[in-house]
Every structure is written in C-alpha cells, then in structure tokens.
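Q: Structure for this input, please:
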Amino acid sequence: MDFDPNAYREQSLAIWGKMAPAWRARNEWMIDHSGLVNDWIVGRADPRPGNTVLDIAAGPGDLGFRVAERVGGSGRVISADFAPEMVDVARRLGQARGLGNVDYMVLDAERMSLESDSVDAVVCRWGYMLMADSALALRETRRVLREGGPLAFAVWAPPARNPWAAVPAKILVQQGRMPAPQPGGPGMFAMGDPDRVRELVEGAGFGVVELEEIAFQFRYPDSDDLWDFLIRMAGPIAGAVEELSPEEQVAARAAVMESMAPYREEDGSYTAPALSLGVLVR
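A: Presented below is the predicted three-dimensional model:
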C-alpha cells in the first residue's frame, strides 16, 4: 500500500492527542531518564539572553523550559506542537513553573505560520523522524531560522541500539498486531542512519552536520510500569495496541514481556538501553 501522508498526519494527530495526559503524568519520570538528551540539545544550541528560540514538537515542553531559563526575561521561547492537547499540557506545566517568557502555539512543523528569519535558534527532541514529510519540515525550519542560527535536535538511533522500543515493536509486527514501517516513510527509526540525517538536513539548506551519540537507559520497576509506558507514551506502539481487543491486548502484553526478558533484573525491574543521535547544524 502506498504511503498516504494525509491519512498518516490525521492518525498521528489523534494518537499524540490521546497520549498527552500520560506525557503530563510521567513528565518528571521522562526527564529523570532522558534528561541527557535535553542537556545535549540545550548545550549545543547555546541560547543566549534575549534570544527567540523555537521548540518544535515540544510535547510537554520540558526542553523549551530549559531554554527559557537561558534566554531570560528579555528572551522568548515558542513552545510549539501540532497536537492541541500537548500544547495545553506544556502550557499548564510551564505556568506551574512560573515561566513568563514562553509562548504556547499549535503549529504544524511542515507549514509554520511564522515569519521567515524570525527566530535565533531552533530545538527539537524526537520530532522530525515522525513527521509525514521530514524534508519539508526541515526546509520550513531553515526558512524561519535567522542566518547562522543553530538547529539542535535529537532523533532515535537504529533499532538495534534501542531495544526499549524496537523489541516490543518487532514482536507486535511479527504477530500482525502492528504494521511494519514503510521503507522511506516516517517512523521512530526513520532517521537512525547518519547518512539519511545528513541528506535531509543538507538538502534543507543547512551547512555541515555535527552528529553525536547520546546514550541512556529506561528503567521500569516492574512489568506493569513497562507496559504502561509502552501503551500510553510510545507513539506508534500505543496507537497499535489501542486498536486491539482486550483479549488481544492480553496476548500482546504476554508476548512483549517474554521478548523483554533479557532486560529483566533479578528484582523484577527492567533496564533497557536507549540511544539518540544528537544533531547540530547552522
């Protein structure tokens, strides 16, 4: 079946909208586990006081909040996501932090309603590889970014380096409960090849690409927590499982837990490796 970008966008929007409450509930958990990715992006983007910085696919907003601390009261962060529910989560979390220099915007990264050359830097965590047309989104990013400004973002490295998601996804695909990724289409690991990253980024008009691996781990106290994370926060997996009947979900969970046995500790907890690729361009 040919890839239908409009159908994909509609489905993706629905999935991320439904997952917004879980991303709010587990926000601190996610920061604790993957904070190194935020650290890398903020460090490489190096936002300065007074800068205007765009956070694309901001989700619950925690990356942009880190940037907001750096740009100060004279600066501005645009926390943008295409799912209104995610924007609402970011707004609530940002208000709870007392941040007054963050604007919250529903924004499609492929068609941004922002003026050209209007931001000093752009950051994005785990967004571009999931977009229907990542090349178009990167060209739009280049359009709104001022000359010489940095784009710092992270995508997931190849499946073999990310068993936390790749192992459960493989099992669900093998069981026919989840469609296999279409070659060349969007997906969690669609930009896991550094050569593909360079092709897309340079094709969008950016300069030399700097790449770095960012390794961390996801830790779950038990199988219930692992399953909760997968079905409430792991985009494509969550969407696939939601479509299953209760009986099919029980069978899917059993198969996933069996596949994750190599990452189970003696106390019943799970520790699964994760690896992002950090990308910096200007």
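Q: got the residue ranges for the strands in this structure?
A: Using DSSP state E, the strands of the chain run over residues 52-56, 76-81, 102-106, 121-125, 151-156, 210-220, 270-281.
Q: Output the lowest mean pLDDT helix or strand found in the protein.
A: None of the helices or strands of the chain scores lower by mean pLDDT, DSSP states H and E than helix 235-242, at a mean of 87.
Q: and the longest helix along the chain, average pLDDT?
A: Longest helix of the chain, by residue count under DSSP state H: helix 5-25. Mean per-residue pLDDT for helix 5-25: 94.
Q: Check which helices and strands that helix sits against.
A: helix 84-96, helix 223-233, helix 235-242 (3 or more C-beta pairs under 8 Å, 6 or more residues apart in numbering; DSSP states H and E). To be clear about C-beta, it is placed using only N, CA and C from the backbone, and glycine gets the same treatment.
Q: Adding distance to Leu200, write those helices out as JSON lines.
A: Shown next, in JSON lines, are the helices and strands packed on helix 5-25 (distance: least, C-beta to C-beta, whole Å):
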{"stretch": "helix 84-96", "distance to Leu200": "24"}
{"stretch": "helix 223-233", "distance to Leu200": "25"}
{"stretch": "helix 235-242", "distance to Leu200": "20"}
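Q: could these be laid out in JSON lines, adding mean neighbour count?
A: Shown next, in JSON lines, are the helices and strands packed on helix 5-25 (neighbours: other C-beta atoms under 10 Å):
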{"stretch": "helix 84-96", "mean neighbour count": "19"}
{"stretch": "helix 223-233", "mean neighbour count": "18"}
{"stretch": "helix 235-242", "mean neighbour count": "19"}
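Q: Out of those helices, the one nearest Ala272 is which?
A: helix 223-233 (8.2 Å; C-beta to C-beta).
Q: what angle sits between the longest helix of the chain and strand 76-81?
A: 120 degrees (axes from the mean of the first three to the mean of the last three C-alpha atoms, to 10 degrees).
Q: who's in contact with helix 5-25?
A: 30, 59-60, 81-86, 88-89, 92-93, 130, 132-133, 185-186, 232-233, 235-236, 238-239, 242 (C-beta atoms under 8 Å, 6 or more residues apart in numbering).
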